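Novice: Next input, structure requested:
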Amino acid sequence: GDKLPGEEYISREGCMSLWNQLPRYADCCTLSVQIHENGTPLAGVLVKAELLNYAQFSPIAKLITDEQGRMSLTTGLGDLRLHCVKDGRFLCRKVDLRTETAVTIDFSAAVTNESEEKAGLNFEMQPPKDDMRFLSAQSEETKRLRQQKFDAALAKRREKEAKYLTQPQGEAALLEAGFTPEQAARGGSILAGSYGNENTLLSFLLADEQRELRLALLENLSVKDRYDCDPAVLAEAFDRSQPWKESCPPELFAPYLMNPRVGLEKLTLWRKELPERFSHEEKAQFAADPRSIGRWIREHISHHPAEEYDELLTCPLALLELGSGSQPSQHILFVALCRSLGIPARLAPDDRRPQYWDAACGQFRDGMPKGEEGRRLAFTLTSHESEPWLYTQNWTLGRLEQGEYQTLDLMDKVWTDNRLTLELLEGNYRLLTCKRMPTGALFAKEYRFTVAEGGENSLTIAQRQAKLTDLLSDKPIPDFSLYREDGTVVSMAALTAGKASLLLWLEEGKEPTEHILNEMEDLLDGFCSLPAQIFFVVKEKASLRDARIARALAHIPGIQVLYDDFRDTMSMLARRMYIDPDKLPIVVLCSQGLNGIYGSSGYNVGLGDLILKIFGELR
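Specialist: Presented below is the predicted three-dimensional model:
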């Protein structure tokens with residue numbers, strides 16, 4: 001709906017309105033924006049208030065300036081980026097809400113394209129400082145009851161999982177049915193990942209002798225599809241694609257013709273009925289010119305964005321019956337109709353536009369082009385860094401379209417030897433690299449470049465480098481309790497009061513824990529004179545018999561041993577310090593009392609030396 005009395009409207013997505021709930025749980029201010037062009041207030045400017053998240057700028061609000069060129073937003077006390085766009089022209093401005101809450105922007109500086117920046121521009125985004133008063137403390141009784149419920153649920157899940165088919169059991173069943181050892185190994189892996197749906201998959205694999213083809217179909221499904229797919233959908237996809245098995249190139253047949261999965265739609269039956277909805281003449285025209293399928297969809301399927309849920313996709317047959325649906329739903333219909341007529345088709349791996357295989361030129365072509373189809377050119381990214389590049393974690397790539405950068409879908413792209421080659425449409429692009437600091441701040445670089453015939457079409461990227469002081473945070477940690485060997489409860493606020501402390505949750509016998517203990521021993525003089533208390537936290541007394549833990553206790557005087565069940569306390573502390581609670585050891589450095597300044601999880605090369613340097617800074 002459109003109206004919600006007493007609430008602050010911040011965006012609209014299709015038929016859904018979004019309302020601001022931030023004041024419920026954070027300190028806020030009101031950001032006021034005035035946009036003019038050469039002194040004249042400018043109405044109708046789309047202002048996207050963006051955070052750097054998932055290595056891309058993501059809008060938390062999308063508002064339009066009024067007749068006075070104004071808009072306002074209640075938001076947190078950190079950095080925001082304002083992306084202002086109208087009629088294809090745009091400009092961006094970073095705002096620090098800690099120091100400014102009223103912004104005036106002259107839109108005469110707006111552009112249709114930004115200048116190239118292949119060296120990379122450094123920038124950072126600071127989050128709001130959290131406030132401990134918004135944290136709700138739980139009583140020990142509440143924690144105990146919650147843990148009981150968690151343990152009971154976990155036990156039920158494990159009981160259910162114990163009944164799932166294992167990979168060796170799956171391999172054995174397939175070998176017995178006559179599959180080759182290589183096929184049985186592949187099939188066993190698929191069956192073991194079906195989470196209780198192995199009977200459906202086994203029935204499909206054993207239905208006839210075309211075992212390689214049946215394996216290929218299952219291998220092209222997602223893991224989720226394997227554990228909830230309908231056997232009728234598998235059967236239809238397999239049976240109805242057989243007439244084109246010999247004529248379709250083998251590398252295209254399984255993923256782009258037989259595959260029942262197109263995008264993120266619910267898997268349904270459509271292979272039989274879709275072609276029946278069209279005359280012989282129409283189907284002949286579609287086969288001769290697959291772009292005519294796109295033209296037919298545009299003429300017969302309407303699109304009403306204001307009445308759609310953007311993330312809710314209409315299945316192909318339902319879309320035909322309704323005669324109305326979102327553009328992503330129409331794109332899925334295009335691919336489904338192509339495949340049902342024996343034409344390999346897909347959603348493009350970068351921006352999800354519908355494509356069909358053009359045998360004449362030996363490549364995929366756009367099936368529903370917005371305008372003149374651009375050329376695709378090879379573009380190579382390189383890096384000299386050891387840290388792996390993970391899409392939407394530490395980098396993204398976006399293409400400029402009508403004043404807005406549209407992030408490409410490159411989740412399946414894998415770097416090899418610090419090199420990645422992409423096929424990109426001609427145009428203007430922005431690449432962001434991003435690294436989260438222990439403080440919560442995001443250190444980033446922005447690259448801008450053009451893909452064009454005859455251009456350089458290559459780029460070397462890097463992460464922005466941080467200084468030691470950039471790594472240090474200032475995070476008050478809520479008090480928590482650990483235990484001494486005799487079961488005595490210890491308040492860590494009391495134990496650390498007025499002192500610097502180093503806390504390590506250790507997992508004896510595991511390599512990451514052994515690495516940090518080895519580094520501490522290699523730097524023995526530094527840790528023996530460390531200007532901080534050292535606490536080893538273990539699960540039980542037997543952990544102290546581990547050779548490396550025992551050696552550290554013997555060689556470094558004053559280490560205090562405490563005990564924990566490695567559940568709530570460790571998880572709270574890890575999340576508070578922006579580290580992974582599932583990777584041990586957990587290492588937390590505190591300055592005066594429970595004030596977290598640095599955290600680490602898992603094994604990080606050189607951590608021992610870094611600990612000494614950080615505490616050296618505190619002297």
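Novice: For stretch 16-34, list every residue counted as buried.
Specialist: In terms of neighbour count (16 or more other C-beta atoms under 10 Å), stretch 16-34 has its buried residues at 18, 20, 22, 26, 28, 31, 33, 34. For the C-beta atoms, the positions are set from N, CA and C on the backbone; glycine is no exception.
Novice: From residue 459, how far out is the most centrally placed residue in the chain?
Specialist: For the chain, residue 392 is the residue whose C-alpha lies nearest the centre (C-alpha atoms, centre = their mean; 5.2 Å). Remark: distance between residue 392 and residue 459 (C-beta to C-beta, to the nearest Å) = 18 Å.
Novice: Residue 605 now?
Specialist: 28 Å.
Novice: Show me which of the two is the more surrounded one.
Specialist: Neighbours of residue 605 and residue 459, each counted by other C-beta atoms under 10 Å, are more numerous for residue 459; the result is 19 against 10.
Novice: gap between the helix or strand where that one lies and the chain center?
Specialist: For residue 459, the element it lies in under DSSP states H and E is strand 458-460. Distance of strand 458-460 from its chain centroid, counting by C-alpha atoms, centre = their mean, to the nearest Å, is 24 Å.
Novice: From the contact counts, what lies against it?
Specialist: strand 376-382 (3 or more C-beta pairs under 8 Å, 6 or more residues apart in numbering; DSSP states H and E).
Novice: Kindly export the strand it packs on (C-alpha atoms) in PDB.
Specialist: In PDB, the C-alpha atoms belonging to strand 376-382 read as follows (Å, rounded to 0.1, in the frame of the first residue of the first chain):
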ATOM      1  CA  ARG A 376      30.900  -8.000 -26.600                       C
ATOM      2  CA  LEU A 377      34.600  -7.700 -26.100                       C
ATOM      3  CA  ALA A 378      37.100  -9.600 -24.100                       C
ATOM      4  CA  PHE A 379      38.200  -7.600 -21.000                       C
ATOM      5  CA  THR A 380      41.000  -8.900 -18.700                       C
ATOM      6  CA  LEU A 381      41.400  -8.200 -15.000                       C
ATOM      7  CA  THR A 382      44.700  -8.900 -13.300                       C
END
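Novice: For it, buried residues please.
Specialist: Neighbour counts over strand 376-382 (16+ other C-beta under 10 Å) mark 376, 377, 379, 381 as buried.
Novice: The first one and residue 421 touch, don't they?
Specialist: No: the pair residue 376 / residue 421 is not scored as a contact, 11.9 Å apart, by C-beta atoms under 8 Å.
Novice: thinking again about what came up before, between the buried residues of stretch 16-34, which is nearest residue 442?
Specialist: residue 26 (17.9 Å; C-beta to C-beta).
Novice: For the closest one, I want the exact helix or strand it lies within.
Specialist: Counting by DSSP H and E, no helix or strand carries residue 26.
Novice: Residue 446 now?
Specialist: Going by DSSP H and E, residue 446 is part of strand 442-451.
Novice: Direction included, what does that strand pair up with?
Specialist: With DSSP bridges as the test, strand 442-451 is paired with strand 117-125 (antiparallel), strand 427-436 (antiparallel).
Novice: Next, residue 489: phi, psi?
Specialist: Main-chain torsions, residue 489, degrees, to the nearest 10: phi -80, psi 130.
Novice: Can you check the pLDDT for residue 310?
Specialist: Residue 310 carries a pLDDT score of 75 in this model.
Novice: Okay, now the unreliable bits of the stretch 251-400 of the chain?
Specialist: For the stretch 251-400 of the chain, the stretches with pLDDT under 70 are 371-373.
Novice: got it, and the chain?
Specialist: 131-137, 371-373.
Novice: what's the residue nearest to the centre of the chain in contact with, if anything?
Specialist: Residues near residue 392 by C-beta atoms under 8 Å, 6 or more residues apart in numbering: 54, 55, 56, 411.
Novice: could you redo the last one with a cut-off of 6 Å?
Specialist: 54, 55 (C-beta atoms under 6 Å, 6 or more residues apart in numbering).
Novice: Counting neighbours, what do you get for residue 538?
Specialist: Per other C-beta under 10 Å, the neighbour tally for residue 538 reads 21.
Novice: Distance check, it against residue 548.
Specialist: Taken as C-beta to C-beta, the span from residue 538 to residue 548 is 12 Å.
Novice: Same check on residue 97?
Specialist: 47 Å.
Novice: that older thread, in its sheet, what does the helix or strand following the strand holding residue 459 sit against?
Specialist: Counting by DSSP H and E, the next helix or strand C-terminal to strand 458-460 is strand 475-476. Note on strand 475-476: by DSSP bridges, its sheet partners are strand 595-601 (antiparallel).
Novice: Contacts for the strand it pairs with, please.
Specialist: Contact with strand 595-601 is made by 438, 472-473, 475-477, 577, 579-580, 583, 586-591, 607, 614, as judged by C-beta under 6 Å, 6+ apart.
Novice: try stretch 62-73
Specialist: Contacts with stretch 62-73, where a contact means C-beta under 6 Å, 6+ apart, come from 11, 30-36, 41-43, 45-49, 61.
Novice: Filter those down to the buried ones.
Specialist: Buried subset of the contacts of stretch 62-73 (neighbour count, 16+ other C-beta under 10 Å): 11, 31, 33-36, 41-42, 45-49, 61.
Novice: Tabulate these in a markdown table, adding columns for distance to residue 242 and secondary structure.
Specialist: Converted to a markdown table, these look like this (distance: C-beta to C-beta, whole Å; DSSP: H, G, I helix; E, B strand; the rest coil):
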| residue | distance to residue 242 | secondary structure |
| --- | --- | --- |
| 11 | 47 | strand |
| 31 | 60 | strand |
| 33 | 60 | strand |
| 34 | 65 | strand |
| 35 | 60 | strand |
| 36 | 65 | strand |
| 41 | 65 | strand |
| 42 | 60 | coil |
| 45 | 55 | coil |
| 46 | 50 | strand |
| 47 | 54 | strand |
| 48 | 49 | strand |
| 49 | 53 | strand |
| 61 | 51 | strand |
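Novice: Work out the gap between stretch 360-379 and the centre of the chain.
Specialist: Taking C-alpha atoms, centre = their mean, one finds stretch 360-379 lying 28 Å from the centre of the chain it belongs to.
Novice: What residues of that stretch count as buried?
Specialist: For stretch 360-379, the neighbour count (16+ other C-beta under 10 Å) marks 364, 366, 367, 368, 376, 377, 379 as buried.
Novice: Need the max-distance pair from the buried ones among the contacts of stretch 62-73.
Specialist: Spatially, the most separated pair among those is 11 and 36, at 23.5 Å (C-beta to C-beta).
Novice: Cross-check the contact I'm expecting between residue 431 and residue 447.
Specialist: Yes: using C-beta atoms under 6 Å, residue 431 is in contact with residue 447, at 4.3 Å.
Novice: Now do the helices in the stretch 151-300 of the chain.
Specialist: Listed in chain order, the helices of the stretch 151-300 of the chain (DSSP state H, counting those that start in this stretch) span residues 167-176, 181-192, 198-205, 211-219, 223-228, 231-241, 250-253, 273-276, 280-288, 291-300.
Novice: Can you lay out the ones you listed as CSV showing distance to residue 84 and mean neighbour count?
Specialist: Shown next, in CSV, are the helices of the stretch 151-300 of the chain (distance: least, C-beta to C-beta, whole Å; neighbours: other C-beta atoms under 10 Å):
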stretch, distance to residue 84, mean neighbour count
helix 167-176, 54, 17
helix 181-192, 49, 19
helix 198-205, 51, 19
helix 211-219, 46, 19
helix 223-228, 39, 15
helix 231-241, 46, 18
helix 250-253, 44, 14
helix 273-276, 44, 14
helix 280-288, 43, 13
helix 291-300, 31, 16
